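Student: Take this sequence and fold it.
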Amino acid sequence: MRRTSLLFLVTLTIHCGASARPTVDAQSFVDAAIGACRWTPSTPFAVTPDGDLRWRLLAATSIGSGAHVALAQSLADGTTRVATASALIDANAPMRVRLQEHAMGGRTAIASVAATASGDTRWTLFDVQGQPCTLVRQSVDRPSVMQPIDLSAVGMGFTLSGCRSIGQTSGGLSFLSEQVRAVWGTEVIATDVDGRAPTRTELPMEASSPSTATTRTMLSDRSFVVQTVSVRRGRTAIRVQRFDERLAPRGEGQEIATVAIEPKFVTTIEHTSGLLALWDNAVDTLPPIFGLATRALDANGRPLEDVVEHAELGMLSGTADATSFAGGILATGRFLDGTPRQRFVVLDQRGRSLGAPIELAGVTLGVGAATSKIVATREGALVLTEVSVGASGGQVIAIPIRCAL
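Tutor: Numbering: from 1, shown residues only. A predicted model of the protein is given here:
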């Protein structure tokens with residue numbers, strides 16, 4: 001059976017029928033379908049130049065035949081230079097990478113990325129210390145556009161700081177920024193597709209100061225899930241809440257976990273019957289030991305089952321990532337099990353492993369904590385990760401993984 005047939009069968013089984021909520025049989029079919037894949041890793045290829053160990057992986061998103069990637073490069077004077085790359089998988093040619101550097105420099109950099117369904121247009125939102133937020137739009141049919149976004153000129157109100165979690169809207173783009181004041185406030189900044197004409201709207205959330213910057217996950221209907229981590233009365237809580245595109249809440253905010261130590265990443269993945277939250281869960285030891293944890297949520301973020309801790313994967317080093325595929329979830333991360341290992345794991349909609357994890361061999365992982373990303377492709381997935389990581393960064397590589405039936 002071809003993968004296109006697999007996706008058609010999954011879609012047909014989930015959406016046919018009078019009930020708006022998937023049946024147990026439908027979910028079982030999805031789990032069986034994604035579990036039927038024979039996952040085959042291919043030879044890794046370089047995203048950043050061979051031998052240049054000064055790169056950091058910031059963000060990645062699917063463009064159908066590969067990934068659009070945001071990167072940062074550490075320079076000798078202690079500053080950072082940013083770049084984007086298209087890591088493409090072509091069945092009829094070698095793997096291809098198109099790396100483009102952008103004229104921004106600062107001490108640190110973060111980024112978020114978005115792309116059209118076809119991958120023909122890609123957006124990268126850079127937040128570089130000492131520089132204004134800058135949007136880079138790249139299209140196959142027009143020149144690249146680099147647009148600084150002056151947050152100080154976005155209407156009246158509190159000063160804003162930072163830009164993250166870019167996503168498409170019906171009228172253009174939006175991203176999150178934080179209010180600079182004693183009481184916490186997060187705002188959604190909306191722009192056109194070129195980053196112009198910004199407007200601001202305060203996000204209606206609980207008045208509880210987060211310990212890390214608020215993030216969000218965009219969903220297929222352009223609604224989104226906001227993730228916050230906050231410390232109250234000695235407890236570190238992870239909370240999620242879903243909003244529609246107009247910022248109206250879809251259900252109440254939910255506390256999905258209490259953790260011993262603030263996690264380095266929290267994400268929420270949409271699948272055919274709800275959501276799955278993933279984060280790095282810590283055991284309060286000295287030094288702390290982190291592992292991957294998951295929890296199944298309904299479509300509005302309400303917990304459905306207990307937290308699943310994936311001890312079978314080993315100790316998590318750096319940041320992991322996940323994506324949806326054929327109704328299930330694919331995840332990757334750097335795990336310590338005697339030696340560092342890059343692992344790829346398939347999860348069902350409840351967050352439980354479907355089969356043993358696959359070790360992605362053939363790369364020099366190094367000893368530093370690494371960032372890993374995974375995106376779905378037409379043939380399966382593309383894992384991106386930092387290798388040979390040292391104090392100044394490492395090299396970024398991509399590993400294609402194909403689903404064969």
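Student: What are the buried residues along stretch 338-357?
Tutor: For stretch 338-357, burial by neighbour count (16 or more other CB atoms under 10 Å) applies to 340-351, 353-354, 357. C-beta: built from backbone N, CA, C; applies to glycine.
Student: now for those, which pair is the farthest apart?
Tutor: The span of the buried residues of stretch 338-357, defined through CB to CB, is set by 340 and 349 at 29.3 Å.
Student: can you pull out the helices in the chain?
Tutor: 3-15, 24-35 (DSSP state H).
Student: rank the ones you listed by pLDDT, which is bottom?
Tutor: Of all those, the minimum mean pLDDT falls on helix 3-15 (a mean of 36).
Student: surely residue 267 meets residue 275?
Tutor: No - contact between residue 267 and residue 275 fails when scored by CB atoms under 8 Å: they sit 10.2 Å apart.
Student: Tell me which of those two has more neighbours.
Tutor: More neighbours surround residue 275 than the other of residue 267 and residue 275, with 25 against 19 (other CB atoms under 10 Å).
Student: Run through the bridge partners of the more buried one.
Tutor: Judged by DSSP bridges, the bridge partners of residue 275 are residue 270, residue 297.
Student: For it, report the pLDDT, please.
Tutor: For residue 275, pLDDT reads 98.
Student: Looks like it contacts residue 268 (just checking).
Tutor: Yes - using CB under 8 Å, residue 275 makes contact with residue 268 at a distance of 5.3 Å.
Student: Now the common contact residues for the two.
Tutor: Counting by CB atoms under 8 Å, 6 or more residues apart in numbering, the shared contacts of residue 275 and residue 268 are 225, 240, 297, 301.
Student: Tell me the one of these nearest residue 247?
Tutor: If you rank those by distance to residue 247 using CB to CB, residue 225 comes first, at 12.8 Å.
Student: Tell me what that closest one is bridged to.
Tutor: Bridge pairing for residue 225 - DSSP bridges - gives residue 217, residue 242.
Student: give the contact list for it.
Tutor: Residues counted as contacts of residue 225 (CB under 8 Å, 6+ apart) are 216-217, 219, 240-243, 268, 275, 301.
Student: For these, which single residue is the most surrounded?
Tutor: Most neighbours among these, by other CB under 10 Å: residue 216, with 28 neighbours.
Student: what sits against residue 166?
Tutor: By CB under 8 Å, 6+ apart, residue 166 lies in contact with 112-114, 123-125, 135, 173-175.
Student: What score does it have for pLDDT?
Tutor: Reading off the model, residue 166 has pLDDT 98.
Student: where's it relative to residue 125, distance?
Tutor: According to CB to CB, to the nearest Å, residue 166 and residue 125 sit 4 Å apart.
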